[in-house]
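K.L.:
Let me see the structure of the following:
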Amino acid sequence: MILSVIIPTYNSQDTIIRAINSCVAYIDDIEIVIVDDGSKDLTTKLIENKYSHFIENGKIQLINANHGGAGNARNLGIENSKGEWIIFLDSDDEFLSLRTVLIDLNAFRQYSFDVLNYSINYKKKYGQRSYSIINGKALTWDNLGLNNESLKLWDSGPAYKAFRREFLIQHNIRFPLNIKVGEDLVFNQKCLQEDPDIIVKYGDIYRVIENKNSITHKIINQNILEDGVKLVQAVEKLNIKNELMNEFIAKNFISILVRFLKSVNSIDDIIFSLKQYKKNFKVEKAFLTFYGLKQNLNVPIILVSWIIWKQPHMARVLFPPMKKVKYLIITIRGKKYE
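P.N.:
Prediction:
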């Protein structure tokens, strides 16, 4: 079997059928591994009723797990999959063309590579070339969210790429279980640090569908400081170059500011949290580092963030007008939040 599609799901009764339907046309060449993360709604019943034949003949695996988060569900999918290749699909998204992936995996068999990655920006850099083979570490800048969104070739989320299962197993690459924000970024960085040969190709194979009930949106008002600190600490363990790590710490600080802007936390709690973040991490040459993020962030939010970095108590003055002004846009994990 050439490909396993891994779908983690949790309370996805409104979207799961759409996700599965974007795969089932190719069921003869794939298996679908659905890991339900302890849903409380009708998700599993809908799957069992609609796809009972495929479940019985083993083309769809339905694994019921205790509620442990999307990372744990994807890990279970990796461990229970049987395909030569693995691709991830979130339960509220859908494939635009899984057929393209299957064709390419067969077409590129002559090459030794461990990741097939699709990018809608590929032609901007390589013109009419059909594909390129790139070393994994060269994509670290993209994965950390430090490149311009319109130019990057690698998305830090789990989508748009197929991984050789043997590569993940051999290097024990799994999603971290103690990170709620950015666990997919860490997973991808673990892959890139092994410096695999990656085939990068133009393609729009996947549709991300915004869902206000998804984990990405629900975590906004959880422990913002803890989430941000854990993400940076996990990335620090992955031997990132100092200059990139420095920029990532600054970028993550801005992400935390945006989450606090959307939160109901008191300004005193916010200022305390920002001070704690600074105690944990240092940004060398702070102004130049923050300003260097202009590749993918607008200048006003960079300057405001730098001021708050220097003097966290300035959040008391700057947060009220920032909440009123709608120019504030930041890209987090490839998605825009205002």
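
K.L.:
and the end-to-end length of stretch 72-92?
P.N.:
Criterion C-alpha to C-alpha, to the nearest Å; first-to-last residue distance in stretch 72-92 is 17 Å.

K.L.:
Check what pLDDT M322 gets.
P.N.:
Note for M322: predicted pLDDT of 84.

K.L.:
next helix or strand past the helix or strand in which V304 is found?
P.N.:
Using DSSP states H and E, V304 sits within helix 299-310. Per DSSP H and E, the first helix or strand lying C-terminal to helix 299-310 is helix 315-324.

K.L.:
Low-confidence stretches in the protein?
P.N.:
Along the chain, segments meeting pLDDT under 70 span 212-222, 325-338.

K.L.:
care to break it down by domain?
P.N.:
Following the assignment in automatic domain parsing, the chain carries domains at 3-207, 222-337.

K.L.:
I'd say C23 and S97 touch.
P.N.:
No: C23 lies out of contact with S97 (C-beta atoms under 8 Å); the separation is 11.1 Å. From N, CA and C alone the C-beta is placed, and that goes for glycine too.

K.L.:
In CSV, list the domains of the chain along with mean neighbour count.
P.N.:
Formatted as CSV, the domains of the chain follow (neighbours: other C-beta atoms under 10 Å):
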stretch, mean neighbour count
domain 3-207, 19
domain 222-337, 17
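
K.L.:
which stretches of the stretch 201-338 of the chain form helices?
P.N.:
Here the stretch 201-338 of the chain has its helices, by DSSP state H, counting those that start in this stretch, at 215-218, 224-236, 242-261, 267-280, 286-291, 299-310, 315-324.

K.L.:
Could you dump those into JSON lines and include distance to R109?
P.N.:
Listed next are the helices of the stretch 201-338 of the chain as JSON lines, based on distance: least, C-beta to C-beta, whole Å:
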{"stretch": "helix 215-218", "distance to R109": "35"}
{"stretch": "helix 224-236", "distance to R109": "34"}
{"stretch": "helix 242-261", "distance to R109": "34"}
{"stretch": "helix 267-280", "distance to R109": "46"}
{"stretch": "helix 286-291", "distance to R109": "44"}
{"stretch": "helix 299-310", "distance to R109": "45"}
{"stretch": "helix 315-324", "distance to R109": "52"}
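
K.L.:
Of all the ones you listed, which one is nearest I199?
P.N.:
Smallest distance to I199 across those (C-beta to C-beta): 23.6 Å, for helix 242-261.

K.L.:
on contacts alone, who are the packing partners of that closest one?
P.N.:
helix 224-236, helix 267-280, helix 286-291, helix 299-310, helix 315-324, strand 330-332 (3 or more C-beta pairs under 8 Å, 6 or more residues apart in numbering; DSSP states H and E).
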